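> From the sequence below, what's the structure:
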Amino acid sequence: MRLPRRTVLVETVLVLGVSLGASAVWALLSLIRKLTREQPLSAQTTSMNTSVTPDQPWLDLAYQLAGIGLALVPVVLALHLLARDVPGRGRARGLMGLDLHRPLRDLLAGAALAAVIGIPGLGFYLGARALGLNTTISAANLEAVWWAPVVLILAALQNAILEEVIMVGYLFTRWTQAGWSTWAIIITSALIRGSYHLYQGFGGFVGNIAMGLLLGWVYTRTRRVMPLVIAHALLDVVAFLGYAVLADRVGWL
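Residues are numbered from 1 along each chain as shown. Purely as a prediction, here's the structure:
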C-alpha cells in the first residue's frame, strides 16, 4: 500500500515525537539550563545510567529494566507501521536489514565501524571538553550491585536498536518514499541525531552529527541496519563498562 507523501511525513513526525524527537527537545532544554549556570560548561558533569532507588537494589533493577523496555516501544511501532507496506512476518525488519541472515559479515562490519568511530571519537570528546565546549560525561552511575554490568549492556543494546532502527532504518525508508534525495535524508537524520545529544554539550552535538553522516552513508550503500546496531552497541558497551571500571582509576575521564 503506497501512502500519500503528506501522510508519510506526518507519520515520521509523530514517530519522532514519541521517541528521539522528544529527546531532542529535552536535550536542548538541558543545554540551555547548563549554559545559564554560573559554572562553565566544561566544569559541569552529565550523568548517565544512574540509580533511581540506590537504597532498594531490586526496585532499582525493576526501574532500570522498565526504562529499557519502554524505550524500545517506538521501535516496535516503527516496524509495525512499515509492515503495512510489506505484509508478512519479519518483512519490515528484512526491508531495513534488521535480521541475522549475515551474522559474521555484519559483526565484522559493525566492529570495523565501531573502531572507525570510537578511536577518533574519544579524542574529539577530550578536545571538546578541553576547549570548554562539552560537559564531562559520567557514563555509568549505578550502585555496585551484581546486576549493574548486565543492565549497562542492556542499556547499550537499547540505545543502539532505538537509534539505528528509528533514525536510519525507519526514517530512510519513509523519507525515500516521500521523494527526498539521498543526501537530504542523510543530513537531516544526522542533524536530529546530534540534536538529541545536546545535553552533553556542543561536542556531543557535532560528534554525533559526524557519526550520523557516516552511518547514514554506510546504510545507503548496504541497506542493512544490523551492522550499525552492532557498531553502536559496541561503542556504548565499551563506554559504559569502561567508565564503570576506570572512572576511579583514570583522572582524564
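
> Which residues does the lowest-mean-pLDDT helix or strand in the chain contact?
Of all helical and strand segments in the chain, the minimum by mean pLDDT, DSSP states H and E falls on helix 91-96, at a mean of 88. If you take Cβ atoms under 8 Å, 6 or more residues apart in numbering as the criterion, helix 91-96 is touched by 79-80, 82-83, 85-86, 99, 165, 168-170, 172-173, 223-225. Yep, even glycine has a C-beta here, placed from its N, CA and C like the rest.

> and it, how far out from the chain's middle?
The chain centroid and the centroid of helix 91-96 are separated by 20 Å under Cα atoms, centre = their mean, to the nearest Å.

> can you pull the buried residues of that helix?
92-93, 95-96 (16 or more other Cβ atoms under 10 Å).

> would you put the C-alpha positions of stretch 93-104 in PDB?
Taking C-alpha atoms only, stretch 93-104 is exported to PDB below (Å, rounded to 0.1, in the frame of the first residue of the first chain):
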ATOM      1  CA  ARG A  93      12.800  -6.000   9.500                       C
ATOM      2  CA  GLY A  94      14.000  -7.500   6.300                       C
ATOM      3  CA  LEU A  95      13.300  -4.300   4.500                       C
ATOM      4  CA  MET A  96      15.900  -2.500   6.500                       C
ATOM      5  CA  GLY A  97      18.300  -5.400   7.100                       C
ATOM      6  CA  LEU A  98      17.500  -5.900  10.800                       C
ATOM      7  CA  ASP A  99      18.000  -9.700  10.700                       C
ATOM      8  CA  LEU A 100      20.500 -12.400  11.300                       C
ATOM      9  CA  HIS A 101      21.000 -13.500   7.700                       C
ATOM     10  CA  ARG A 102      24.600 -12.400   7.600                       C
ATOM     11  CA  PRO A 103      25.800 -12.700  11.200                       C
ATOM     12  CA  LEU A 104      29.600 -12.900  10.600                       C
END
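
> What are the boundaries of the strands in the stretch 151-253 of the chain?
Secondary structure of the stretch 151-253 of the chain by DSSP state E, counting those that start in this stretch: no strands are present.

> Buried residues in stretch 100-110, which are they?
106, 109-110.

> Please apply the same query to stretch 54-70.
Buried positions in stretch 54-70, judged by neighbour count with 16+ other Cβ under 10 Å: 57, 60-61, 64, 68.

> ok, back up a step: of the buried residues of stretch 100-110, which belong to helices?
106, 109-110 (DSSP state H).

> and these as JSON lines, adding distance to L41 and pLDDT?
Compiled in JSON lines, these are given as follows (distance: Cβ to Cβ, whole Å; pLDDT from 0 to 100):
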{"residue": "D106", "distance to L41": "37", "pLDDT": "98"}
{"residue": "A109", "distance to L41": "35", "pLDDT": "98"}
{"residue": "G110", "distance to L41": "32", "pLDDT": "98"}
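
> Out of those residues, which comes closest to R193?
G110 (17.4 Å; Cβ to Cβ).
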